[in-house]
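>>> Got a sequence here, can you model it:
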Amino acid sequence: MTSDIELAAQRIRQLENYADTPIIALTGHDDAENQQVFLDAGMDFCLTKPVNLRKLDEAIKMFYPDQVELSSSSQP
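The predicted structure is shown next:
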């Protein structure tokens, strides 16, 4: 049975211009097992809520290292 998470990843990958676009999942669960579910479903990275802008910036830089900083915020 396909989960909603897997279905979402599959549908994004099927979009004409988004097959190689990194997918960053968001979850309210901080445990590694839950995050692994997203990765196994085809997501490229997983962040937890509430979103930390520094971690989001680091995640984006993993996929787009030549891009400018997302935010100059001093959020921890």
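>>> Contact partners for I23?
Under the criterion of CB atoms under 8 Å, 6 or more residues apart in numbering, the contact partners of I23 comprise A9, I12, G42, M43, D44, F45. Every C-beta, even on glycine, is put in place using the N, C-alpha and C of the backbone.
>>> roughly how far apart are N34 and I23?
Taking CB to CB, to the nearest Å as the measure, N34 and I23 are separated by 16 Å.
>>> what sits against the residue nearest to the spatial centre of the chain?
In the chain, the C-alpha closest to the average C-alpha coordinate belongs to I24, at a distance of 1.0 Å (CA atoms, centre = their mean). Residues near I24 by CB under 8 Å, 6+ apart: M43, D44, F45, C46, L47, L56, A59, I60.
>>> if you look at those, which of them are in strands?
With DSSP state E as the criterion, strands contain F45, C46, L47 from among the contacts of I24.
>>> Quick check: the gap between the first one and A59.
The one in question is F45. Relative to A59, F45 is positioned 5 Å away (CB to CB).
>>> do I23 as well
Relative to A59, and taking CB to CB, I23 is found at 11 Å.
>>> A9 too?
A9 is 16 Å from A59, where distance means CB to CB.
>>> show me where the chain has helices.
Chain-ordered helices for the chain, with DSSP state H as the definition, fall at 4-14, 32-40, 53-63.
>>> Need those in CSV (columns: mean neighbour count).
Formatted as CSV, these follow (neighbours: other CB atoms under 10 Å):
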stretch, mean neighbour count
helix 4-14, 13
helix 32-40, 14
helix 53-63, 15
